[in-house]
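Q: Dropping a prediction and its sequence here:
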Amino acid sequence: MVDYRREGNVAILTVNNPPVNAISTRVKDGIYECISRAKNDTKVSVIVIHGHGKHFIAGADIHGFSGQRESSKVVATLPEVIAFMEASNKPIVAAIHGTALGGGLEIAMGCHYRIATKSARVGQPEVLIGILPGAGGTQRLPRLCGLGPALDLISTGRHIKAPQALKLGIIDKIVSDDILKEGIAFAKAVIDKPLNGRRISTLPVKDAENAEQLISAANASVRKRQRGMMAPIWNIKAVAESIKLPFDEAMEKEAEYFTVLVTSSQARALQYAFFSERLAPKWEVPGVASYNTVKPMNIKTAAVIGAGTMGTGIAMALLNARIPVTLVEQNKQFLEKGVKMIQDLYAGSVRLGKLTADQAKYLLSNLKTSLSYDDLSTVDCVIEAVYENMALKKEIFAKLDNACKPSAVLCSNTSSLDIDEIASATKRPDKVIGTHFFVPAYYMRLLENVRGKLTSPETIATVQSLGVRIGKIPVVVGNCDSFVGNRMLGTYTSEAQFLLEEGALPHEVDSVIKDFGIPIGAFEVSDLSGLDIGWRIRKERYEKLEKSGKKHDPNARFINGERFSPLGDTLCEKGRFGRKTGMGWYRYEKPGAKEPFIDAEITTLLEDYSKKHNITRRKISPQEIFERCFYPLINEGFKVLEDGIATRPEDIDVIWINGYGWPKYTGGPMYYANQIGLDKIYDTMCYYYEQHPTSSHWRPSALLRDLAKQQLPISQWGKQVASRL
Ligand SMILES: C/C=C(\C)C(=O)SCCNC(=O)CCNC(=O)[C@H](O)C(C)(C)COP(=O)(O)OP(=O)(O)OC[C@H]1O[C@@H](n2cnc3c(N)ncnc32)[C@H](O)[C@@H]1OP(=O)(O)O
C-alpha cells in the first residue's frame, strides 16, 4: 500500500492504493511506518511522498466511515500520523499530481513543502459527504492560505487547480508532469534549509483580524446556498476555533465536531449518494447485458434536431465535450435564433471568466448548422429535441432513418413518450433510445437513458458512455409513460393540486416542499416552466378521448374513474401561463419577473372552485401536505422497481437528486423512505388509499408491502429487487 525506497539520501514513499490512493487503515499505517523508517535511516536526509497512478491521495477511504474498519497495526490516528510527519527533522516534500483531496491535502499540509503539476487539483471536499476535515485540515489550511480562502474551500468543498493553489500559498511551486523526478530534485534543494516556519501548525492564522466579518459572511453564504445541510455550519465552526484557541486545543474541537458529523444521518445519506452516483453509469439490464459485457460505439460527431431551449442546451453539452455538432432546424429563422442563444451563453461564460474568448471561439467552431437531413449522412449519433408530439417525432425518426448511416444511433429527448413507438418509425429499432436531458441541458447533470424493447445493449452502452463523456450522470431506465423521474413527479404534482381543491393555498404547499429541502416549490416550478406546456399535452389527451367517443367535460374532476384536477386548465384559459405572463399560481410584478407573490385572485378562484364542486375547504396541516406530496412519489418509486423500469433503488435516488432538486443530504426518495421506515410509509399509504380510493397513486406498491415486513437496509433490499427481475 505504501512502498519505500531510497535513492541516494532521498527516501521515496509511494502510496499505491488504486483507484485513487484513498487512505485506508493500511495506507495510514504504511505512511507512519515508512516515515519512521526514513527518520531512523541515517543515510536519509530528505523524504518525498507521492502517489502511484492518477492521483496523489484523494482522501480517506469513504467506505470506512460507515462500513467496518480494518484493524490498525499502529496506534496512531491519521491526525497523529500527520503531526508525526510535521515534527520530522528531515524535510518532507509532497509531490502532488492528479488530486490531493481531503486527508490527501491534510497529509500534504503535514509535509514541509508541497509541489504540484499544473493540472493537479487540491481541496477539502469532506463537507460534500457530510463530514469535516478531521485530520487537522480545519486548523492548518487557515494558517497556510488565510481564514477567508480556508472558509471558502472548507465550507463549499470545491477543488482548485494548482495555479490558484500557488497564488493562495497552498503549494510552493508548480512543476512539470514528471512529478517524481521533480519531487526528488526539489527535495535535494531543500535538504539544508531550516524547518522553522515550515511546520504549519506553528504558524499564526492569516487574516485573523477580519475573523468576525469573514465567519459571518461564510455563514450567510451557507444559509443561502447550502440550506438544510448541517456539515457546512460545523465546518465553519471548526475553522473558527483556529482563531480562538491554540492549535492543540482547536484540534480537540475539530475531533469533537467531526464525531457529531460522522455519526449524523446526513453524512450517511451523502456518502450513500456519493457511491450511488458512481454506480449509475455501471448499468445493468438483468439477464441481458451490463456495462462490463458490452463495448460502446465511439461517437466522433453528433447532430441535434431542434434549436429550441432543449436542443441548443444539448448541443452545448456536446460541444463542451469537444464533440462536433450539426444543429438542424426546419427554417433559417429558428436556426439563427438557436445559434444566437448558444453564442450568447458562451459570451456570458467569457464575461464570467469561466471560458477564455479563444476557448469559446474554439467550441463554436465545432458547431455546424443545417436545414436538411441530407447533411447527416456521416454523423455517429443524432439527438432529436423537438416538442412533445408523437406524430412529429415519428416523422422525424423516419426521415433520420433514411438520411443517416446504418450504424448511427438515433436518440429522442422525449420526457414522456413511448420509445418503442418512436422506434417503430425506423428500420433500426435496435439503434433507437431515449436520452432525456434536463433543463438547462448544458448544466444539469442527469441524463435519463430510456431503453426500448428492441434497443440493443451496444446502443445502451454507447449513450451511457457518451453521458459520462459529456459530464453527465447517466442512468438507464425502462420504457413506460414518463419513465422514472416524471412518472414519480406526476403523483406529486397531482396531489399538490388536490390539496388546493381541499383547502391549501399554493404558497402553503410550496413552503412545506421547500422546508424539506427541495429548492423550488411545485407551483413555483410550474410557473417557471409555463403552465401552457402541460395544457397542450392535456388538450391532446382530451382530443384523443373525444376521438375514441368519450366526451371530455372541461369541469370534470375524474377521467376514466381516476381523480383529476382541472385547475391547471382553468388557469390557462384565463391566460395565466406562469412567470412569462406575469401570473400563474402566483402573481408577478411584470411578465418575466422572478419573485412570486401570493395572489388574492387565486385564493378567490380556489374558494369558488371548491364551492362549485361542493368541497368543504379545511386547514391542511404541514404534516399532511408533506405526506400527500411525498409518500405517493416514494410509493411510485417502488412501483417503478416492481415493474423493472428501474433496476436499482440507487438509480432512482440519483435521478431525483440530480434532475429534480431532491436534497442530497437525505439520500434520495428511496433512501429517505428507508430512513422513515418502510412500514410507516406503507401504513400511511394504506390510510390515505382508504380516504382517496379514486387516486390509484395511493394504492400501495406490493414491493413496498413486502419490504415493509422485512426492515432491511437499502443495500440489502436493493439486491433483493435485482434478483426478482
Ligand atoms: C476525515 C475525512 C477525511 C480525512 C477525508 O479525506 S474524506 C474523503 C475526502 N475525499 C473525497 O471526498 C474525494 C472523493 N473522490 C472524488 O472526488 C473523485 O472520486 C476524484 C476526484 C478523486 C476522482 O474522480 P473521477 O476520476 O471522476 O473518478 P470517480 O469519482 O469515478 O472515482 C473512481 C473510483 O474511486 C472511488 N473513490 C473515489 N474517491 C474515493 C474515496 N475517497 N474513498 C473510497 N473510494 C473512492 C470511486 O467510488 C470510484 O470507485 P468505483 O466506482 O470505480 O468502484
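A: That came through fine.
Q: How many neighbouring residues does residue 374 have?
A: By the measure other CB atoms under 10 Å, the count of residues near residue 374 is 10. Where C-beta positions appear, they are placed from N, C-alpha and C, glycine not excepted.
Q: oh, I was asking about residue 199
A: With other CB under 10 Å as criterion, residue 199 counts 18.
Q: can I get the CA coordinates of the one helix or strand residue 257 maps to in PDB?
A: Take DSSP states H and E as the rule and residue 257 turns out to sit in helix 247-262. The C-alpha trace of helix 247-262 is given here as PDB (Å, rounded to 0.1, in the frame of the first residue of the first chain):
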ATOM      1  CA  PHE A 247      -3.600  24.700  17.800                       C
ATOM      2  CA  ASP A 248      -3.700  21.600  20.100                       C
ATOM      3  CA  GLU A 249      -6.900  22.700  21.800                       C
ATOM      4  CA  ALA A 250      -8.600  23.600  18.500                       C
ATOM      5  CA  MET A 251      -7.600  20.100  17.200                       C
ATOM      6  CA  GLU A 252      -9.600  18.700  20.100                       C
ATOM      7  CA  LYS A 253     -12.600  20.800  19.000                       C
ATOM      8  CA  GLU A 254     -12.100  19.600  15.400                       C
ATOM      9  CA  ALA A 255     -12.300  16.000  16.700                       C
ATOM     10  CA  GLU A 256     -15.400  16.700  18.700                       C
ATOM     11  CA  TYR A 257     -17.200  18.300  15.800                       C
ATOM     12  CA  PHE A 258     -16.100  15.500  13.500                       C
ATOM     13  CA  THR A 259     -17.800  13.000  15.800                       C
ATOM     14  CA  VAL A 260     -21.000  15.000  15.600                       C
ATOM     15  CA  LEU A 261     -21.000  14.900  11.800                       C
ATOM     16  CA  VAL A 262     -19.600  11.400  11.100                       C
END
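Q: mean confidence score for it?
A: Mean per-residue pLDDT for helix 247-262: 97.
Q: Just checking: what are the partner strands of the helix or strand containing residue 13?
A: Taking DSSP H and E as the definition, residue 13 sits inside strand 10-15. Neighbouring strands of strand 10-15 in its sheet, by DSSP bridges, are strand 2-7 (antiparallel), strand 46-51 (parallel).
Q: so what pLDDT did residue 69 get?
A: 60.
Q: So which residues make contact with the strand holding residue 13?
A: 1-6, 21, 27, 30-31, 34-35, 37-38, 41, 44-52, 56-57, 90, 180, 183-184, 187-188 (CB atoms under 8 Å, 6 or more residues apart in numbering).
Q: can you rerun that using 6 Å?
A: The contact list for strand 10-15, computed with CB atoms under 6 Å, 6 or more residues apart in numbering, reads 2-3, 5, 21, 34, 38, 44, 46-49, 51-52, 57, 184, 187.
Q: What is the most widely separated pair among the residues you listed?
A: Farthest pair in the contacts of strand 10-15 (CB to CB) is 21 and 44. Separation: 22.4 Å.
Q: and those two? which has more neighbours close in?
A: Remark: of residue 21 and residue 44, residue 21 carries more neighbours, 28 against 18, as counted by other CB under 10 Å.
Q: near the ligand, which residues of the stretch 251-400 of the chain?
A: Residues of the stretch 251-400 of the chain lying close to the ligand (CB under 6 Å from any ligand atom) are 275, 278.
Q: chain center to stretch 34-46: distance?
A: 44 Å (CA atoms, centre = their mean, to the nearest Å).
Q: do the same with stretch 341-360
A: Mean-position distance between stretch 341-360 and its chain equals 23 Å (CA atoms, centre = their mean).
Q: do stretch 10-19 as well
A: Centroid separation for stretch 10-19 versus its chain: 32 Å, with CA atoms, centre = their mean.
Q: next one: stretch 595-610
A: Using CA atoms, centre = their mean, the offset of stretch 595-610 from its chain centre is 35 Å.
Q: can you start the count at 19 instead of 1 from here on
A: In the new count, where the first residue is 19, that last one comes out as stretch 613-628.
Q: Please state the mean pLDDT value computed over it.
A: 97.
Q: do the same with stretch 105-119
A: The average pLDDT for stretch 105-119 rounds to 98.
Q: who's in contact with that stretch?
A: 57, 64-68, 72-74, 76-77, 103, 126, 129-135, 138-141, 143, 197, 201, 204-205, 208.
Q: out of the residues you listed, which touch the ligand?
A: 76, 77, 143.
Q: and the last one, how many residues sit next to it?
A: As a burial measure, residue 143 scores 21 neighbours (other CB under 10 Å).
Q: ditto for the first one
A: Neighbour count for residue 76, taken as other CB under 10 Å: 26.
Q: could you measure the residue lying closest to it once chain neighbours are set aside against residue 740, distance?
A: Once flanking residues are discounted, residue 76 sits nearest to residue 38: 3.7 Å by CB to CB, 6 or more residues apart in numbering. Distance of residue 38 to residue 740, computed by CB to CB, to the nearest Å: 27 Å.
Q: Much appreciated, bye for now.
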